[in-house]
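**Student:** Sequence and predicted structure, then a few things I'm wondering about:
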Amino acid sequence: MGGKVDSSINNGAAPPIFRINGQNFHRIGSLLPTAGVQPKFAQLYIHDTQNEIENHIKCVRTNSDQADLHREVVYDIKEVLDHNNVFVKSFHMAKNFLDCNDTSKIKMRLIDRRATDARTYSLPTASEVAALIVGDLEPSMGEQDILVECKTGGLKRINELNPAYLPLQYPILFPYGEDGFREDILFSTTITNHNWSRKSISQREYFAFRLHERLTKISTLLYAKRLFLQFLVDAYTMVESSRLCYIRSNQKALRCEAYKGLSDALTRGEIEPSTQGKRIILPSSFTGGARYMIQNYQDAMAICWFIGYPNLFITFTCNPKWPEIRRFLDKRNFKVEDRADIVCRVFKMKLDSMIKEIKKGKLFGHVKAGINYCTL
């Protein structure tokens, strides 16, 4: 993980928190470690497999902190991954080739585009996930494929859109090496319209699907506790990173240069509220994306222009002991910090309910000309 993990905050009796600083991304090293460097991460499946259990433990703990680790649990996890995880099988395939051809320099290509349909739940095979390259690179190699060289001192960044981005980072949460987010996961709708504009789902929709609990299926992810917190932070940074990349690569379509014209027009007084006090009259110079963006915010701007800035500020906080939260957590023997998604979901539901009461319940003052006036 490329982001700097801040562990200093977990130094007391407070609930554990996973916090990172800087830009978050994942990196992968070479198949073999350089001379004098201890093997780590995926190299453990190739280098010194006779002492793989000890190497796994040393990779995450120092010698003084290994007393509380159960080696039989580490062994069981290793056996499960060896028999089921396609990425582990791919690295074992690279190890066998290196053992039989110790003079050959190979590269392992982790393939981005899959041949199978992303909508089905069939697990990928090792040959579909990775391929060994002997000699020069293949001309058909994709831009987002991950190329793992035999021995190099540097690390390579994994693209957030690569389906191996998540299963390589969280092998326990993806024990079969099943794909993470893919760009070609088709959007499904019940509307029988062949001209539906949506072709694939977004990252936010994918993570919302993974975080949704189902009564007929037990999700390892939702019971991962501290690892689940890390996954949530990682998922959030993935979504934000993709959004920033889209903005950076689609400047012409977004026409961001027109946003400055909005600020200049406000300063010159060219944008005025209409006689109803609800709409803004836009100059003819604002077209396309700029007009669309302005119309999304024009109600709030017109109200502030017409009646002044708001003078009522409401603070709405969450109580982790709300009965809705406690019923869910107590049934599953969870602590509040184990399911931050449930706390946020209940908070959002109560916040929406309060806003609805304020808008439609006439809790403050009266309604005039379509605008709620607040009486203090």
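**Tutor:** Yep, that arrived.
**Student:** use CA for all of it now, contacts and neighbours both
**Tutor:** Fine.
**Student:** Hmm, residue 9 is touching residue 20, no?
**Tutor:** No. Counting by CA atoms under 8 Å, residue 9 stays clear of residue 20, with 10.8 Å between them.
**Student:** Looking at those two, which one has more neighbours?
**Tutor:** Ranked by neighbour count (other CA atoms under 10 Å), residue 9 and residue 20 place residue 20 first, with 17 against 12.
**Student:** Give me the neighbour count for the nearest residue to residue 88 once chain neighbours are set aside.
**Tutor:** Spatial nearest neighbour of residue 88, excluding adjacent residues (CA to CA, 6 or more residues apart in numbering): residue 82 at 6.0 Å. Neighbours of residue 82 under the rule other CA under 10 Å: 18.
**Student:** Next up, identify which helix or strand residue 82 is on.
**Tutor:** Counting by DSSP states H and E, the element that carries residue 82 is helix 71-84.
**Student:** I'd like to know which elements the first helix or strand past that helix going along the chain is packed against.
**Tutor:** Per DSSP H and E, the first helix or strand lying C-terminal to helix 71-84 is helix 86-100. Helices and strands touching helix 86-100, as assessed by 3 or more CA pairs under 8 Å, 6 or more residues apart in numbering; DSSP states H and E, comprise helix 71-84, helix 126-129, strand 130-134.
**Student:** Relative to residue 346, which of those is closest?
**Tutor:** Nearest of these to residue 346, taken as CA to CA: helix 71-84 at 34.6 Å.
**Student:** in this structure, which helix has the most residues?
**Tutor:** In the chain, assigned by DSSP state H, the helix with the most residues is helix 226-249.
**Student:** Flag every buried residue along that helix.
**Tutor:** Neighbour-count burial for helix 226-249, counted by 16 or more other CA atoms under 10 Å, picks out 227, 228, 229, 230, 231, 232, 234, 235, 237, 238, 239, 241.
**Student:** For the fourth one, give its distance to residue 198.
**Tutor:** When CA to CA, to the nearest Å is the yardstick, residue 230 and residue 198 sit 30 Å from each other.
**Student:** got the angle between the helix holding residue 82 and helix 86-100?
**Tutor:** For helix 71-84 against helix 86-100, the angle by axes from the mean of the first three to the mean of the last three CA atoms, to 10 degrees is 80 degrees.
**Student:** could I get helix 71-84 in CSV with only the CA atoms?
**Tutor:** Output of helix 71-84 as CSV, limited to C-alpha atoms (Å, rounded to 0.1, in the frame of the first residue of the first chain):
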residue,chain,number,x,y,z
ARG,A,71,1.2,-21.0,13.7
GLU,A,72,-1.4,-23.6,13.1
VAL,A,73,-3.8,-20.9,12.0
VAL,A,74,-1.2,-19.4,9.6
TYR,A,75,-0.6,-22.9,8.2
ASP,A,76,-4.4,-23.5,7.7
ILE,A,77,-4.7,-20.1,5.8
LYS,A,78,-1.6,-21.0,3.7
GLU,A,79,-3.1,-24.4,2.8
VAL,A,80,-6.5,-22.8,1.8
LEU,A,81,-4.8,-20.2,-0.4
ASP,A,82,-2.4,-22.8,-2.0
HIS,A,83,-5.4,-24.9,-3.1
ASN,A,84,-7.9,-22.3,-4.0
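**Student:** now what about it, what contacts it?
**Tutor:** Helix 71-84 has contacts (CA atoms under 8 Å, 6 or more residues apart in numbering) with 53, 88, 89, 171, 175, 176, 177.
**Student:** on that earlier part again, as TSV, the buried residues of helix 226-249 with distance to residue 186 and pLDDT would be great.
**Tutor:** TSV is the format used below for those (distance: CA to CA, whole Å; pLDDT from 0 to 100):
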residue	distance to residue 186	pLDDT
227	28	89
228	26	91
229	28	90
230	27	88
231	23	91
232	23	91
234	23	89
235	20	90
237	23	88
238	19	87
239	18	89
241	21	84
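**Student:** can you give me the helices in the stretch 201-350 of the chain?
**Tutor:** Taking DSSP state H, counting those that start in this stretch, the helices of the stretch 201-350 of the chain run over residues 203-211, 226-249, 251-254, 257-268, 288-307, 323-332, 340-360.
**Student:** Minimum distance to residue 109: which of those helices has it?
**Tutor:** Shortest distance between residue 109 and the helices of the stretch 201-350 of the chain, using CA to CA, is found for helix 226-249: 22.6 Å.
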